[in-house]
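J.: here is my input, please return the structure:
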Amino acid sequence: MLNDTNLARSLDVLFDGGTAKIVTELGLRVASTFQLDLGSISYNTTSTNVWGKYRRCENEEPPEGSLITYGHSKDQPQLKQFMTELLCMDSGVPIFGRTLDGNT
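T.: Residues are numbered from 1 along each chain as shown. A predicted model of the protein is given here:
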């Protein structure tokens with residue numbers, strides 16, 4: 001049964017497992033199962049602008065590479081941002097991705 005408790009537990013398990021590791025494992029399994037061409041790989045980084053104040057939880061350090069800060073945005077340099085990177089193969093199947101600091 002889907003409820004807020006079960007959803008929260010599921011999200012906790014995904015976070016504890018490491019979402020980047022999960023994406024990589026799924027991507028590699030897809031590549032193997034469907035015999036995708038690993039000869040063509042694309043890499044992309046994207047900045048995402050955000051508004052407002054962002055603070056840490058009292059007892060937690062932010063995950064590595066997740067600092068929302070002022071960066072070198074081409075669109076709106078007055079806004080804070082974070083970066084994401086994605087490595088894809090064949091027809092855009094992701095095999096690696098992670099969040100980076102806004103000034104990466």
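J.: who touches the host helix or strand of Ile95?
T.: Assigned by DSSP states H and E, Ile95 belongs to strand 93-100. Identification of contacts with strand 93-100 by C-beta atoms under 8 Å, 6 or more residues apart in numbering yields 20, 23-24, 27-28, 30-31, 36, 45, 63, 65-66, 82-89. C-beta: built from backbone N, CA, C; applies to glycine.
J.: by mean pLDDT, flag the weakest helix or strand of this protein.
T.: strand 69-70 (a mean of 78; mean pLDDT, DSSP states H and E).
J.: ok, then the element right after it?
T.: Next element after strand 69-70 (DSSP H and E): strand 80-89.
J.: re the thing from before, quick check: buried residues in the strand holding Ile95?
T.: Ile95, Phe96, Gly97, Arg98, Thr99, Leu100 (16 or more other C-beta atoms under 10 Å).
J.: now Gly102, what's its secondary structure?
T.: Three-state call for Gly102 (DSSP: H, G, I helix; E, B strand; the rest coil): coil.
J.: and it, how far from Leu79?
T.: 9 Å (C-beta to C-beta, to the nearest Å).
J.: same question, Ser10
T.: For Ser10 relative to Leu79 (C-beta to C-beta), the value is 32 Å.
J.: picking that back up, could you flag which of the contacts of strand 93-100 are buried?
T.: Counted by 16+ other C-beta under 10 Å, those give 23-24, 27-28, 31, 36, 82-83, 85-89 as buried.
J.: could I get these as JSON lines with pLDDT?
T.: Below are these laid out as JSON lines (pLDDT from 0 to 100):
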{"residue": "Val23", "pLDDT": "83"}
{"residue": "Thr24", "pLDDT": "83"}
{"residue": "Gly27", "pLDDT": "83"}
{"residue": "Leu28", "pLDDT": "84"}
{"residue": "Ala31", "pLDDT": "84"}
{"residue": "Leu36", "pLDDT": "83"}
{"residue": "Phe82", "pLDDT": "85"}
{"residue": "Met83", "pLDDT": "87"}
{"residue": "Glu85", "pLDDT": "90"}
{"residue": "Leu86", "pLDDT": "88"}
{"residue": "Leu87", "pLDDT": "88"}
{"residue": "Cys88", "pLDDT": "88"}
{"residue": "Met89", "pLDDT": "85"}
